[in-house]
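**Q** Here's my sequence, what's the structure:
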Amino acid sequence: MQKISLPITLQLMLKQHVAAADIDDDAELNDIMSRLSDLNEKVERVKHKARLLKSNRGQA
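**A** Presented below is the predicted three-dimensional model:
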């Protein structure tokens, strides 16, 4: 089972709140969603590097 990163979890929660009309889909929300996407890309790069380091240690 693949774990979902915190930025993706936050995006999903925000989308649910928009769907429930708890918050408006406006420029501020779009900015937050964009920043969360950027953050998720960085998280995925770090996770990838960590996996490579772990596999390299396992081969040594």
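**Q** Check whether K3 sits in a helix, strand or coil.
**A** Using DSSP: H, G, I helix; E, B strand; the rest coil, the structure places K3 in coil.
**Q** Mind checking what secondary structure D22 has?
**A** Classification of D22 by three-state DSSP places it in coil.
**Q** low-confidence ranges in the protein?
**A** 1-2, 60 (pLDDT under 70).
**Q** name the helices or strands packed onto the longest helix seen in the chain?
**A** Ranked by number of residues, the top helix in the chain under DSSP state H is helix 27-59. If you count contacts as 3 or more C-beta pairs under 8 Å, 6 or more residues apart in numbering; DSSP states H and E, helix 27-59 packs onto helix 6-19. Where C-beta positions appear, they are placed from N, C-alpha and C, glycine not excepted.
**Q** Tell me what angle the helix it packs on forms with helix 27-59.
**A** Interaxial angle of helix 6-19 relative to helix 27-59 (axes from the mean of the first three to the mean of the last three C-alpha atoms, to 10 degrees): 150 degrees.
**Q** Now helix 6-19 - C-alpha only, PDB.
**A** Below are the C-alpha coordinates for helix 6-19, written out as PDB (Å, rounded to 0.1, in the frame of the first residue of the first chain):
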ATOM      1  CA  LEU A   6       0.900  15.300   3.500                       C
ATOM      2  CA  PRO A   7       0.600  17.800   0.600                       C
ATOM      3  CA  ILE A   8      -1.700  15.400  -1.300                       C
ATOM      4  CA  THR A   9      -3.700  14.700   1.800                       C
ATOM      5  CA  LEU A  10      -4.200  18.500   2.300                       C
ATOM      6  CA  GLN A  11      -5.200  19.000  -1.300                       C
ATOM      7  CA  LEU A  12      -7.800  16.200  -1.000                       C
ATOM      8  CA  MET A  13      -9.200  17.700   2.200                       C
ATOM      9  CA  LEU A  14      -9.400  21.200   0.600                       C
ATOM     10  CA  LYS A  15     -11.200  19.700  -2.500                       C
ATOM     11  CA  GLN A  16     -13.700  18.000  -0.200                       C
ATOM     12  CA  HIS A  17     -14.400  21.300   1.600                       C
ATOM     13  CA  VAL A  18     -14.900  23.100  -1.700                       C
ATOM     14  CA  ALA A  19     -17.300  20.300  -2.800                       C
END
